[in-house]
Each structure stands twice: as C-alpha cells, then as structure tokens.
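Asks: just the structure for this:
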Amino acid sequence: MYLTPYFRWFGLTALLLLSLLSCKKTEEEETTSESMSGTVVFNIPYYVLKGETVTMSASGVIYPKEASYRWYINNVYVDSLYRQTITVQFPDSLGVFLVTAQSFADGFYSTSTSQQVTTIDTAWNSSLTGLKRSEHFIVDDRDGMTYGYVTAGDRDWFTQNLAWKGAGVPFLSSPATAGMFGSFYTWREATSGQVCPEGWTVPTHADWESLATVLNDGRALPFVDNWDGLGSKASADAYLNEERMWPYSPDNAHTNDIGWNALPLGFSFAGTTEFSGFNNYGCWWSATEKNETQAFYRYIWYDLGDFPMTYTGKDDMRASVRCVRMHPQSL
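Replies: Down below sits the predicted model:
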C-alpha cells in the first residue's frame, strides 16, 4: 500500500509524540516516589567487646508494609546485607564502626539510621589506660566481679565504680562497659543496703570527710565544702582506646595521688536511656540524705580541680557508686 508523504509525516510525528510521552511518564515515575512512614530503629549497644558476635534486628517503618531492610557496616563487611535481622562478628581489634540500617521499597524513597559502635577490651590496661593498679582486691561472691581497693586513713575504698548487675544500668546501656566503668544507680537503689558486697557500704558524709582528710594532707574538711584542689588529686588522666577521657585543663592536673581513679563518666536521667556529662563530669553518691526527697552527691568537673558537693532528687538521676569499709585493722 502506498502512503502519501502526508501520512508518512503524520506517522512519524505520532511515533515521536508517543516516544516523548513515554519518556515523560518515566521521568514522572522517577520523581514522584513516596516517602516512607516511620523511623528505622535497631538494637545494638554503643560499646561491644572486641570480637563479640551481636545480633541486630531493624524495624520501625510502618508504611509500606512490604518494605525491606539492608545493612552497611564499614570495615566489617564490604557488601551490604539484605536481611531484617543479622548476626555479625565485630573485628578482634579496637576501633569505631559505623552501623547503618536502611529500609527500601519500590516506588519509595529509602530511609536509614546510623549508629557508631566502639569495640573495647576490658582486660587491665587494654582499652582503658592511665589508671593506678591497686595492690589489693576483693571478689564479690554474688557475681564474681573483682574490685581493687586502696586504704586511705582508716578506711578502704574501691578504686573503681561498683558494677553489681542486680540494680542500676551500665554506661550507655552497654553491658560490655560495666567491667571498666561500673553501673549507674538512683540514690534509692544505691542505699537499699544491697548493692555493695558484704562488708562494704555506700559512703556517708563521715566516710567522704575521712577521704578528704587524706587527700588534703591530713587537714580535715567538712562534707559541705568545695574541697578545693581535691578533684585533681582524686582523678586519673585516663585514656579510652587512646582517646583522652578528661579534656585538658590547666586547672585540673589529674594527679590521682592515692589511686582513687576518678573518671568523667557523667550520669544518666532516671527513667530514660539518656546519659549526659561523659568526658566532663564524674558523679558519686553519698548515703547521707538531705531531706525526704533529695540526696547529696560529689562530683568532679574537667575544668576545675575541686571536688564539690551538691544534691538532687533521690529518683531524678543515676550516678556512680564507690563502696567503702572501715579498714579491718581499724576495727
């Protein structure tokens, strides 16, 4: 059949229009993707032991229902892992790794959440360095935890924070840290009479004043005092995975005179998973209350060499605990 030039022109024009419409439709499909509803969440501690195997599960996206998940972990896996739940082994070395969980689905923009995970080694002088090692140790019969202690005057003091798992929470809710940093307790948890090992207690004002006398070269100080310069004498210039824990300050030398080994672990807000003050403050309870609703604690701030006291609600925060006892020869 013979087609006139007009019909040939019309046919070519129609094909061109169809091609253009097809391209436009493809562009529209690419630029009109929907956003997902929900936020990707997954469960992994901020600190894990080096070489530890961890299972993580991603969730949180509620629309679309057919959304899938994939994982990216730098310096652990070269390729992404296309599963909602994965089990991974972190390297047998110290480091910081970025874990990312991403949700994706056809016709939707992907969404993701990332978290840094730090591998640590809780063996002495491995991840945590710069502390003075005690010559004396006790073992908590309840969980087998070993604590160093130092004799200061007529009392023995733990040289590390209490890590009893029967109450409180570990640092950043990461169980691996308990052996190095101890746990954090509300005042009521700390003074329940159950947290310290048998024969040891949470320090009262009198216990704290005894420690101040030793740190202050035999000169007594009351509990309600700033304890000028004693924060420097009680704190250790410690490093975590070779990163300095206390920021440098000319007003706090961290001489750690008796090996009390104070660290800037901050505190946590009771009833939440929120921690605050890491690298800036160390906080320790006194068993002596201020009134029915408030209790005292002592703290060290990185930019001041003092060891002052203050108070807060008994159930408002979680702080560290140092256990103390009368030295056996002083009884």
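Asks: check contacts around residue 72.
Replies: For residue 72, the contact set (CB atoms under 8 Å, 6 or more residues apart in numbering) comprises 80-81, 98-100, 102. To be clear about C-beta, it is placed using only N, CA and C from the backbone, and glycine gets the same treatment.
Asks: now the closest residue to residue 221 other than its chain neighbours: phi and psi?
Replies: Using CB to CB, 6 or more residues apart in numbering and skipping the chain neighbours, the partner closest in space to residue 221 is residue 212 (4.2 Å). With angles defined as degrees, to the nearest 10, residue 212 sits at phi -60, psi -40.
Asks: quick one, strands of the stretch 51-200 of the chain?
Replies: Applying DSSP state E, counting those that start in this stretch to the stretch 51-200 of the chain gives strands spanning 53-63, 68-73, 85-89, 95-104, 111-120, 128-129, 136-139, 146-152, 155-158, 169-170, 183-184.
Asks: state the mean pLDDT of the last one.
Replies: Averaging pLDDT along strand 183-184 gives 97.
Asks: cool, stretch 90-100 as well?
Replies: The model assigns stretch 90-100 a mean pLDDT of 96.
Asks: start and end of it, how far apart?
Replies: 14 Å (CA to CA, to the nearest Å).
Asks: would you confirm that residue 175 contacts residue 45?
Replies: Yes - with contact defined as CB atoms under 8 Å, residue 175 reaches residue 45; the gap is 6.7 Å.
Asks: more neighbours, the two?
Replies: residue 45 (19 against 16; other CB atoms under 10 Å).
Asks: for stretch 179-192, give me every contacting residue.
Replies: Outside stretch 179-192, the residues that touch it by CB under 8 Å, 6+ apart are 120, 122, 127-128, 145, 160-165, 167-171, 195, 202, 263, 265, 267-268, 270, 285, 287, 289, 295, 297, 314-321.
Asks: the helices in the chain, which residues?
Replies: For the chain, applying DSSP state H gives helices covering 5-31, 178-181, 187-190, 205-215, 230-234.
Asks: show me the contacts for the residue nearest to residue 221.
Replies: Contacts of residue 212 were listed using CB under 8 Å, 6+ apart, and they are 220-221, 223, 225, 227, 230, 307.
Asks: can you tell me how far residue 88 is from residue 307?
Replies: Relative to residue 307, residue 88 is positioned 42 Å away (CB to CB, to the nearest Å).
Asks: settle it for me: which of the two has more neighbours?
Replies: The residue with more neighbours, out of residue 88 and residue 307, is residue 307; 30 against 19, by other CB under 10 Å.
Asks: my guess is that one meets residue 298, correct?
Replies: Yes - counting by CB under 8 Å, residue 307 does reach residue 298; the two are 5.9 Å apart.
Asks: list residues touching both of those two?
Replies: In contact with both residue 307 and residue 298: residue 227, using CB under 8 Å, 6+ apart.
Asks: okay, and the helix or strand of this structure with the least pLDDT?
Replies: In the chain, the helix or strand scored least confidently by mean pLDDT, DSSP states H and E is helix 5-31, which has a mean of 42.
Asks: for stretch 140-152, measure first residue to last.
Replies: One end of stretch 140-152 sits 21 Å from the other (CA to CA).
Asks: tell me the buried residues in that stretch?
Replies: 140, 145, 147-152 (16 or more other CB atoms under 10 Å).
Asks: distance to residue 206 and pLDDT added to these, as a markdown table?
Replies: Formatted as a markdown table, those follow (distance: CB to CB, whole Å; pLDDT from 0 to 100):
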| residue | distance to residue 206 | pLDDT |
| --- | --- | --- |
| 140 | 24 | 97 |
| 145 | 26 | 96 |
| 147 | 22 | 98 |
| 148 | 23 | 98 |
| 149 | 18 | 98 |
| 150 | 18 | 98 |
| 151 | 17 | 98 |
| 152 | 13 | 97 |
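Asks: hmm, which two among the residues you listed are most spread apart?
Replies: Farthest-apart pair in these is 145 and 152; separation 21.5 Å (CB to CB).
Asks: nearest approach to residue 207 belongs to which of the strands of the stretch 51-200 of the chain?
Replies: So among the strands of the stretch 51-200 of the chain, strand 155-158 is nearest, using CB to CB, at 6.3 Å.
Asks: distance from the closest one to the middle of the chain?
Replies: 27 Å (CA atoms, centre = their mean, to the nearest Å).
Asks: so for it, mean pLDDT?
Replies: Mean per-residue pLDDT for strand 155-158: 98.
Asks: hey, what's residue 276 bridged with?
Replies: residue 267 (DSSP bridges).
Asks: report the contact partners of it.
Replies: 266-269.
Asks: and it, how far is that from residue 265?
Replies: For residue 276, the distance to residue 265 equals 10 Å [CB to CB].
Asks: and for residue 230?
Replies: Shown here: residue 230 relative to residue 265, a distance of 18 Å by CB to CB.
Asks: show me where pLDDT drops low in this structure?
Replies: The chain contains residues with pLDDT under 70 at 1-31, 331.
Asks: quickly list the domain ranges of it.
Replies: Per the record, the chain has its domains at 37-120, 128-330, by automatic domain parsing.
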